[in-house]
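1. Give me a model of this one.
(chains A, B, C and D)
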Number of protein chains: 2
Amino acid sequence: MLKEERKKELKNQIFLKSIELFKEYGYENVTVEKIASSCGIAKGTFFNYFPKKEHVLLYLGNSQDDLLQDIAQKYQHLKIKQQLLNIFKELISVYLNNSDLFKLTISETIRSAFKNESTNINIFEETLTDLIENAKKNNTINTHFASGTISSVLVGIYFNTLVNWSVNNEKNESIITIFEKQFEVVWEGIE
Amino acid sequence: MLKEERKKELKNQIFLKSIELFKEYGYENVTVEKIASSCGIAKGTFFNYFPKKEHVLLYLGNSQDDLLQDIAQKYQHLKIKQQLLNIFKELISVYLNNSDLFKLTISETIRSAFKNESTNINIFEETLTDLIENAKKNNTINTHFASGTISSVLVGIYFNTLVNWSVNNEKNESIITIFEKQFEVVWEGIE
DNA sequence: ACGATAAAATGACCACAGTCATAAATTGAC
DNA sequence: GTCAATTTATGACTGTGGTCATTTTATCGT
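-> Okay, here's the model as predicted:
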C-alpha cells in the first residue's frame, strides 16, 4: 500500500524539519505551529504523526539506537573492554556535536522511561547485553556477573557521565575523561 | 527580620499543599490555580515563591538531600560497604512509598541538572564523596580510585536502578535486588 | 466512473503555565 | 502618626500545547 509509504515520508519530513528548527532556534522557541507551517501542513496534522511535541525528541533517541548498532559493528574485532570503551566514546562524541539537543533528548528519554512510554533505554541495554553475552560465549570476557546487569551498570554510568558533565563543565575536565574514570572503576571494582 | 520568617512559612505551606494535592490527584491534574486557591493566595503569588510549577518537585528533591544526611548518620558505625548499601536501600524504600511522585521528582532533578538549574545531584554526590573520603582516612576502604569518581558511579547506578525498575516492573524483580546486583558489580569489578 | 466507506487533514477551540502592570501591604525614617 | 519607598499580592492577559468535530482526500468494490 502506497499510503503507508507516504505516511512514513511525511513523518520523516516532520522529524527532519523539527530537528533543523530545534538546532537553529532551540526547542522551546520552536512552536508546533511553526514546524507545521514549515512542512506545509496544519498544526493538527503534526499531532497525527507525533502525539506530543517531545515525541520528536524520542524519535531522535530511537535513531541513536540504530547508530549504536552501526558503531558496535565497527569495533567487533576489538577485545570487549576496548570495544565497549570505543562505543561509548563514539556515542559521547556524537552527543558533543549537538549537546543542547541531546541534553533534551536524553532528559526526555529518561522521563519517558519513568512513564513507561518508551523502550529506548531498554533497546540500548539489550544491544550491550548481546555484545557482552557474545564475549562470554567466545571466552573473551571472564566474569561471573549476568550480562544484563553489567550492561545496566554501563548504561548507568554513561548517562550519569552526561549529567555530571553538564553540571560540572566549568571545571573543564573532558567528558571522555570523566567517563573513562568511571568505566575504570566499574571494570576493576571499587576495592 | 520577621518578613523572612513569614516568607519561608508561606513557601513551605505552598510546598506542603502542593505535594498533598499531587499525591491525591497526580501532578498533571493539579493546576497552579488549584494549588493557589487551596493556600488562599492568588495564582501570581505562587510564582513569587516557585518560578515554575516543577520547582516544587525540585524542592522535594532538596529535602531528600537532607534525608540522606540523616540516614548516613544512622549507619556511621558500619563498614563502608554495608553503610553505603544500607543508605541506598533506605533511599529506595522511601522512593517506593511514593513512587509516582518520586519518578517525577527524579525526572525533573535530572532534567534540571542538564539545564544547570539545580545542584541537587551534586549535593547528593558530595555527601557520598565525603563518606568515602572519611573511610579512606580511617583505612576502612582500600581503593586507589578517587572518592568523587566512586561516588559518581554509585549515584549513576542508583538512578539507573530506579529507571530500570520503572521500565521492567512487569518482571517483578524487587528494585532492591536490582540495585544490589549492580552494586555488587561495581564493588567487585566486572572482571 | 460512481458512490460508499475509511483515513487523513484541518483550524477553531480550550486549558493551563507563566507574565506583568497595577494595587495592597509592610517597613523604616522622621 | 505620617509619608515615601520597598516589598509582596493580585488576576486579567498571553502564548502555546494539545483536542476534536468537521471537511477533504484516498481507497475500493461494482
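2. Give me the spatial nearest neighbour of A:Glu184, chain neighbours excluded.
-> Among residues not flanking A:Glu184 along the chain, B:Phe145 sits closest, at 7.4 Å (CB to CB, 6 or more residues apart in numbering or on different chains). Heads up, the C-betas are built off the backbone N, CA and C, glycines and all.
3. same thing with A:Lys79?
-> Nearest to A:Lys79 is A:Thr140, by CB to CB, 6+ apart, at 6.1 Å.
4. Tell me, how many residues neighbour the closest residue to chain B within chain A?
-> Ranked by CB to the nearest CB, the top residue of chain A for proximity to chain B is A:Gly189, at 2.5 Å. Applying other CB atoms under 10 Å in any protein chain shown, we find 16 residues neighbouring A:Gly189.
5. Verify the stated contact: it with B:Gly189.
-> Yes: counting by CB atoms under 8 Å, A:Gly189 touches B:Gly189, with 2.5 Å between them.
6. Can you tell me how far the residue in chain A that DNA strand C sits nearest to is from A:Glu5?
-> DNA strand C sits closest to A:Gly44 of chain A, with a gap of 1.8 Å, by CB to the nearest atom of the strand. As for A:Gly44, its distance to A:Glu5 is 22 Å (criterion: CB to CB, to the nearest Å).
7. so the residue nearest to A:Lys79, which of the three states?
-> coil (DSSP: H, G, I helix; E, B strand; the rest coil).
8. Backbone dihedrals for it, both of them.
-> phi -100, psi 0 (degrees, to the nearest 10).
9. State the pLDDT value of it.
-> A:Thr140 is assigned a pLDDT of 90 by the prediction.
10. Number of residues surrounding it?
-> 14.
11. That one contacts A:Ile80, correct?
-> Yes: at 5.3 Å, A:Thr140 counts as touching A:Ile80 under the criterion of CB under 8 Å.
12. measure the residue nearest to A:Lys79 to A:Thr177 for me?
-> A:Thr140 is 26 Å from A:Thr177, where distance means CB to CB.
13. picking up where we left off before, OK, contacts around the residue nearest to A:Glu184?
-> B:Phe145 makes contacts with A:181, A:184-185, A:188, A:190, as judged by CB atoms under 8 Å, 6 or more residues apart in numbering or on different chains.
14. quick one, helices of chain A?
-> Remark: helices assigned in chain A by DSSP state H are A:2-25, A:32-38, A:43-49, A:55-74, A:80-97, A:99-114, A:120-137, A:147-168, A:175-188.
15. Mind putting these into a markdown table with mean neighbour count and mean pLDDT?
-> Converted to a markdown table, those look like this (neighbours: other CB atoms under 10 Å in any protein chain shown; pLDDT from 0 to 100):
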| stretch | mean neighbour count | mean pLDDT |
| --- | --- | --- |
| helix A:2-25 | 14 | 91 |
| helix A:32-38 | 16 | 98 |
| helix A:43-49 | 14 | 97 |
| helix A:55-74 | 17 | 94 |
| helix A:80-97 | 17 | 95 |
| helix A:99-114 | 22 | 95 |
| helix A:120-137 | 19 | 93 |
| helix A:147-168 | 23 | 92 |
| helix A:175-188 | 19 | 94 |
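16. And these: which comes nearest B:Arg111?
-> Nearest to B:Arg111 among the helices of chain A is helix A:99-114 (4.3 Å), distances taken as CB to CB.
17. re earlier: got JSON lines for the helices of chain A, with distance to B:Leu104 too?
-> As requested, these are exported to JSON lines (distance: least, CB to CB, whole Å):
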{"stretch": "helix A:2-25", "distance to B:Leu104": "24"}
{"stretch": "helix A:32-38", "distance to B:Leu104": "23"}
{"stretch": "helix A:43-49", "distance to B:Leu104": "23"}
{"stretch": "helix A:55-74", "distance to B:Leu104": "17"}
{"stretch": "helix A:80-97", "distance to B:Leu104": "25"}
{"stretch": "helix A:99-114", "distance to B:Leu104": "7"}
{"stretch": "helix A:120-137", "distance to B:Leu104": "17"}
{"stretch": "helix A:147-168", "distance to B:Leu104": "17"}
{"stretch": "helix A:175-188", "distance to B:Leu104": "27"}
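18. Give me the distance between the two termini of stretch A:142-152.
-> 18 Å (CA to CA, to the nearest Å).
19. gap between it and the chain center?
-> On the basis of CA atoms, centre = their mean, to the nearest Å, stretch A:142-152 sits 21 Å off its chain's mean C-alpha point.
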